[in-house]
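*Asks:* build me a model:
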Amino acid sequence: SQNPSLDCASDSDDVSSLNHERTWIRMIRRKQTQAPLFYAAEEIRQSACGRYERLNAVVGDWEALAAPLNSGFSQERDGRPTDPVVYLKIFLLGYLLNISEDSELAERISDSLSIRKFLAYDLNEATPDHSSISRVRSRLAGHVEGVLDNVVRICTLAGLVDGKECSVDSSLSKANASCSRLVHLDTGETPREYATRLRESDPDAKVSVKNREFVCTTDAEARLTSKPSAPPDLYYKVTHVTDSKRQIILSAGCSTADTHDVHCAAGPLRRALRTLKLSSIAMGTVVADSGYDDGNFHAFVESLGSVPLTNHYSRGRKGQIPKSDFRYDAEQDVYICPAGQALKCFRTDLSKKQYKSKESICKDCPFKDGCISKGKVRLITRYPNEEARSRNLARCKTAEGKRALSRRKYVVEPPFAHMKQHGGLRRLNCRTLERVTVKFVIGAIAWNLLKVAENMRVPAKALKKRLVTPFLALRSAFFAPRTLRIAA
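*Replies:* Below is the predicted model of the structure:
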């Protein structure tokens with residue numbers, strides 16, 4: 001080459017870079033795996049946040065909490081031995097860790113040292129598999145509600161329940177079933193085949209799929225219904241009663257999706273009343289939305305010794321003189337209109353009575369345009385227990401009633417949102433009404449335990465976060481590595 005010095009310099013640079021790379025290679029330390037023969041208990045590393053110790057501090061005596069589950073298992077010494085406390089912990093872990101699949105939950109239990117310690121399983125001991133978890137869950141129907149009652153008593157002792165104001169509401173959960181599995185009860189036809197056959201005989205026929213005519217072959221208890229801005233699908237309806245002081249769920253239940261909200265609320269309200277009575281607490285006002293604006297519901301709540309307060313809706317056209325402006329005369333069984341004229345009863349059946357004015361009087365009435373919408377007379381329908389509904393309307397117009405109705409959505413809606421987001425209730429992974437009820441009640445138990453854990457922690461720096469993101473704060477109250485302190 002023309003400049004040999006440059007070539008020598010490049011050779012030396014190559015050698016130095018190679019030595020530098022060898023230096024880095026020598027600094028890499030490969031991990032050598034060699035299993036020791038013995039482990040000391042203090043040498044096993046576990047989770048540092050203490051989440052399961054925090055749960056033990058909340059519950060205290062697991063045996064007493066899970067005592068209602070004992071009747072769901074055989075007391076004889078036969079079959080596979082099962083500890084209800086272990087499976088109750090497993091179901092709560094599935095909710096708290098946001099694991100809805102039993103196979104994934106079984107794998108997590110087997111892999112986690114912290115969960116093994118929480119369940120009292122040794123390192124070489126086999127943990128429950130997914131089939132055992134599913135089998136035991138199916139046996140808890142009718143018994144897990146007693147565990148919820150025990151948790152409510154824990155919340156009562158912690159000062160989180162006063163019973164002065166309770167809210168009730170229902171929500172739909174997507175069933176683990178498909179509309180393609182619907183068949184006609186008589187003919188066995190699918191909805192498409194059924195509609196095709198009817199339109200062949202009558203092209204103008206209106207075809208509709210009804211629950212009393214069709215059933216789902218994969219889940220016979222799932223019912224077809226529709227949500228706002230969504231096509232019809234198969235659902236279950238879940239209902240819970242919540243104490244307004246700290247959003248503690250007093251009772252929970254499940255029913256088919258075609259059941260009216262009023263009928264769904266009867267069972268949970270009775271159980272909530274019985275649970276509160278065990279702690280010598282009276283159930284005061286029961287708040288609900290306009291879906292419960294029914295005289296029968298108001299009379300039922302009054303028969304329980306409580307005060308109903310439900311939002312109401314107008315049953316007439318906009319701008320029409322409302323029914324509340326008509327005075328009912330019980331002695332003569334007539335309605336008196338604002339003009340002083342009587343509306344007499346002309347039709348009676350088991351569900352309602354109808355009252356009608358006289359055409360000769362209404363045609364010259366100055367209130368005719370604002371009173372009569374169609375036809376030439378005014379019709380008023382009186383339902384059973386109309387007096388109880390009238391008392392509810394009067395309470396809704398008071399300042400205290402308006403405040404309670406505005407608070408309702410902040411009390412009863414968050415538990416539903418939390419269970420659907422973290423508890424697998426948005427779309428269920430189980431079938432039959434019994435298993436859905438168990439899943440929903442387990443979610444209510446976990447929600448109440450999270451509220452107790454939130455009450456037991458020091459809310460110094462987490463207060464602002466809890467006000468901004470309440471759902472994340474509920475989970476952080478249980479999972480955050482903080483020192484536990486019981487509030488005085």
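*Asks:* alpha carbons only for contacts and neighbour counts from here, please
*Replies:* Noted.
*Asks:* so, low pLDDT: which residues of the stretch 201-350 of the chain?
*Replies:* 314-319, 350 (pLDDT under 70).
*Asks:* please enumerate the strands of it.
*Replies:* Under the criterion DSSP state E, counting those that start in this stretch, the stretch 201-350 of the chain contains strands at 214-216, 223-225, 233-243, 248-256, 285-288, 307-310, 327-329, 334-336, 342-348.
*Asks:* the first one: partners in the sheet, and parallel or antiparallel?
*Replies:* So the one you mean is strand 214-216. The strands beside strand 214-216 in its sheet (DSSP bridges) come out as strand 182-184 (antiparallel).
*Asks:* how about the third one?
*Replies:* When pairs are called by DSSP bridges, strand 233-243 turns out to pair with strand 165-174 (antiparallel), strand 223-225 (antiparallel), strand 248-256 (antiparallel).
*Asks:* point out the most buried one among the ones you listed.
*Replies:* Among the strands paired with strand 233-243, the stretch with the highest mean neighbour count (mean count of other C-alpha atoms under 10 Å) is strand 248-256, at a mean of 27.
*Asks:* burial of residue 345, as a residue count?
*Replies:* Residues lying near residue 345 (other C-alpha atoms under 10 Å) number 18.
*Asks:* what's the distance between residue 133 and residue 104?
*Replies:* 11 Å (C-alpha to C-alpha, to the nearest Å).
*Asks:* could you do residue 163 as well?
*Replies:* For residue 163, the distance to residue 104 (C-alpha to C-alpha) stands at 39 Å.
*Asks:* ok so, going back, between residue 133 and residue 104, point out the one with more neighbours.
*Replies:* Higher neighbour count among residue 133 and residue 104: residue 133, with 18 against 13, using other C-alpha under 10 Å.
*Asks:* and the helices in the stretch 301-450 of the chain?
*Replies:* Ranges of helices within the stretch 301-450 of the chain are 359-362, 368-371, 386-396, 399-422, 433-456, based on DSSP state H, counting those that start in this stretch.
*Asks:* and the pLDDT at residue 460?
*Replies:* Listed pLDDT for residue 460 reads 39.
*Asks:* from what I can see residue 395 touches residue 401, true?
*Replies:* Yes: when contacts are counted by C-alpha atoms under 8 Å, residue 395 is listed as touching residue 401 (5.7 Å).
*Asks:* mind listing the shared neighbours of the two?
*Replies:* Taking C-alpha atoms under 8 Å, 6 or more residues apart in numbering as the contact rule, residue 395 and residue 401 both touch residue 309.
*Asks:* about what we covered before: among the strands of the stretch 201-350 of the chain, which is nearest residue 416?
*Replies:* Proximity to residue 416, assessed across the strands of the stretch 201-350 of the chain by C-alpha to C-alpha, is greatest for strand 233-243 (9.0 Å).
*Asks:* now the closest one, how far from the centre of its chain.
*Replies:* 6 Å (C-alpha atoms, centre = their mean, to the nearest Å).
*Asks:* check stretch 248-255 too.
*Replies:* Centre-to-centre, stretch 248-255 and its host chain are 8 Å apart (C-alpha atoms, centre = their mean).
*Asks:* and the closest residue to residue 402 other than its chain neighbours, how far from residue 405?
*Replies:* In space, and not counting its chain neighbours, residue 402 is closest to residue 396: 6.0 Å by C-alpha to C-alpha, 6 or more residues apart in numbering. Per C-alpha to C-alpha, residue 396 is found 8 Å from residue 405.
*Asks:* and for residue 444?
*Replies:* Separation of residue 444 from residue 405 (C-alpha to C-alpha): 23 Å.
*Asks:* of those two, which one has the most company?
*Replies:* residue 444 (28 against 18).
*Asks:* quick check: bridge partners of the closest residue to that one other than its chain neighbours?
*Replies:* With sequence-adjacent residues excluded and distances taken as C-alpha to C-alpha, 6+ apart, residue 444 is closest to residue 249, at 6.3 Å. Going by DSSP bridges, residue 249 is paired in beta bridges with residue 242.
*Asks:* isn't residue 249 right up against residue 269?
*Replies:* No: counting by C-alpha under 8 Å, residue 249 sits too far from residue 269 to count as a contact (11.3 Å).
*Asks:* quick check: neighbours shared by those two?
*Replies:* By C-alpha under 8 Å, 6+ apart, the residues touching both residue 249 and residue 269 are residue 241.
*Asks:* which residues in the stretch 151-300 of the chain form helices?
*Replies:* Using DSSP H, counting those that start in this stretch, the helices found in the stretch 151-300 of the chain span residues 191-201, 261-278, 295-303.
*Asks:* and the strands of the stretch 201-350 of the chain: which comes nearest residue 294?
*Replies:* Nearest to residue 294 among the strands of the stretch 201-350 of the chain is strand 307-310 (8.8 Å), distances taken as C-alpha to C-alpha.
*Asks:* may I have the strands that pair with that closest one, each with its orientation?
*Replies:* Sheet partners assigned to strand 307-310 using DSSP bridges are listed as strand 285-288 (parallel).
*Asks:* what's the spacing between the partner strand and its chain's center?
*Replies:* 18 Å.
*Asks:* keeping just the C-alphas, turn that strand into PDB.
*Replies:* As requested, the backbone C-alpha atoms of strand 285-288 are provided in PDB (Å, rounded to 0.1, in the frame of the first residue of the first chain):
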ATOM      1  CA  THR A 285     -85.800   3.800  53.700                       C
ATOM      2  CA  VAL A 286     -85.600   1.600  50.600                       C
ATOM      3  CA  VAL A 287     -84.500   3.600  47.500                       C
ATOM      4  CA  ALA A 288     -84.900   2.400  43.900                       C
END
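*Asks:* for it, buried residues please.
*Replies:* Buried residues in strand 285-288, counted by 16 or more other C-alpha atoms under 10 Å: 285-288.
*Asks:* residues in contact with it?
*Replies:* Residues outside strand 285-288 that contact it (C-alpha under 8 Å, 6+ apart): 164-169, 301, 306-311, 404-405, 408.
*Asks:* contact partners for the most centrally placed residue in the chain?
*Replies:* Nearest residue to the geometric centre of the chain (C-alpha atoms, centre = their mean): residue 416, 3.9 Å. Contact partners of residue 416, counting by C-alpha under 8 Å, 6+ apart, are residue 171.
*Asks:* gap between it and residue 448?
*Replies:* To residue 448, residue 416 is 13 Å away according to C-alpha to C-alpha.
*Asks:* what number of residues lie near residue 339?
*Replies:* By the criterion of other C-alpha under 10 Å, residue 339 has 11 neighbours.
*Asks:* cool, residue 375 as well?
*Replies:* Neighbour count for residue 375, taken as other C-alpha under 10 Å: 8.
*Asks:* what about it? Give its phi and psi, please.
*Replies:* Here is the backbone geometry of residue 375 (degrees, to the nearest 10): phi 80, psi -160.
*Asks:* can you check the pLDDT for it?
*Replies:* Looking at residue 375, its pLDDT reads 74.
*Asks:* and if you look at residue 177?
*Replies:* With respect to pLDDT, residue 177 scores 90.
*Asks:* count the neighbours of it for me.
*Replies:* Residues within reach of residue 177, counting by other C-alpha under 10 Å, total 23.
*Asks:* contact partners for it?
*Replies:* By C-alpha under 8 Å, 6+ apart, the residues touching residue 177 are 216, 218-219, 222, 234.
*Asks:* for residue 220, see how far away it is.
*Replies:* For residue 177, the distance to residue 220 equals 9 Å [C-alpha to C-alpha].
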